[in-house]
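Q: sequence first, then the predicted structure, then my questions.
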Amino acid sequence: MTEEQIVRPEQVTRSPRKGARNGRQHAAGRADDEACCRIAAQLVAGHYDMALVEVVGRARRSHRATRARHMAMYLAHVVCGLSLAAVGAGFNRDRTTASYACHKMEDARDDPAIDAALADLEISAGVLLELQSEEKRS
């Protein structure tokens, strides 16, 4: 290797990561992600007529509460377009847990009752998010 072919550390220029945010934008994006997760959890809690803490709480509860949490994670991912990492963070869980929840809900959509419930919740979440974005613009 010749002297000209050696790349020195000071010669390397680093481009910013794709989609990298500065601190303020990152905090604002995180707040939006959390708001979307909160809306999804509130909608599902209302649908199942259960307390919000049962949907987002850390304690292992009933199968019904687990299904509700999976639905809320699925809604946050599908309706809001959040990454699985953002969904996991919004529900204080790991991204792999969010991935598992979304896969479970995709499989559960074979049941017409669950598919209808998710379709209704998707519409409701879309409307609420649109209203929220209009309030921010005003």
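A: Alright, I've got the coordinates. Numbers count the residues shown, from 1 in each chain.

Q: so where does the residue positioned nearest the centre of the chain fall, helix or strand?
A: Centroid check for the chain by CA atoms, centre = their mean gives Val87 as the closest residue, at 2.6 Å. Using DSSP states H and E, the element containing Val87 is helix 84-90.

Q: do the same with Ala116
A: Element membership of Ala116, judged by DSSP H and E, is helix 112-137.

Q: buried stuff in that helix?
A: Using 16 or more other CB atoms under 10 Å as the test for burial, helix 112-137 gives 117-118, 121-122, 124-125, 128-129. Placement of C-beta: from N, CA and C, glycine included.

Q: quick check, nearest of those to His103?
A: Set against His103, the nearest of the buried residues of helix 112-137 by CB to CB is Leu118 (13.9 Å).

Q: need the contact list for that closest one.
A: The contact partners of Leu118, by CB atoms under 8 Å, 6 or more residues apart in numbering, come to 71, 74-75, 105, 109.

Q: how about a cut-off of 10 Å?
A: 44, 47, 71, 74-75, 78-79, 105-106, 108-109, 111 (CB atoms under 10 Å, 6 or more residues apart in numbering).

Q: okay, those in JSON lines with neighbour count and secondary structure next?
A: Below are the contacts of Leu118 laid out as JSON lines (neighbours: other CB atoms under 10 Å; DSSP: H, G, I helix; E, B strand; the rest coil):
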{"residue": "Val44", "neighbour count": "28", "secondary structure": "helix"}
{"residue": "His47", "neighbour count": "16", "secondary structure": "helix"}
{"residue": "Met71", "neighbour count": "26", "secondary structure": "helix"}
{"residue": "Tyr74", "neighbour count": "25", "secondary structure": "helix"}
{"residue": "Leu75", "neighbour count": "27", "secondary structure": "helix"}
{"residue": "Val78", "neighbour count": "18", "secondary structure": "helix"}
{"residue": "Val79", "neighbour count": "21", "secondary structure": "coil"}
{"residue": "Met105", "neighbour count": "21", "secondary structure": "helix"}
{"residue": "Glu106", "neighbour count": "12", "secondary structure": "helix"}
{"residue": "Ala108", "neighbour count": "17", "secondary structure": "helix"}
{"residue": "Arg109", "neighbour count": "15", "secondary structure": "coil"}
{"residue": "Asp111", "neighbour count": "11", "secondary structure": "coil"}
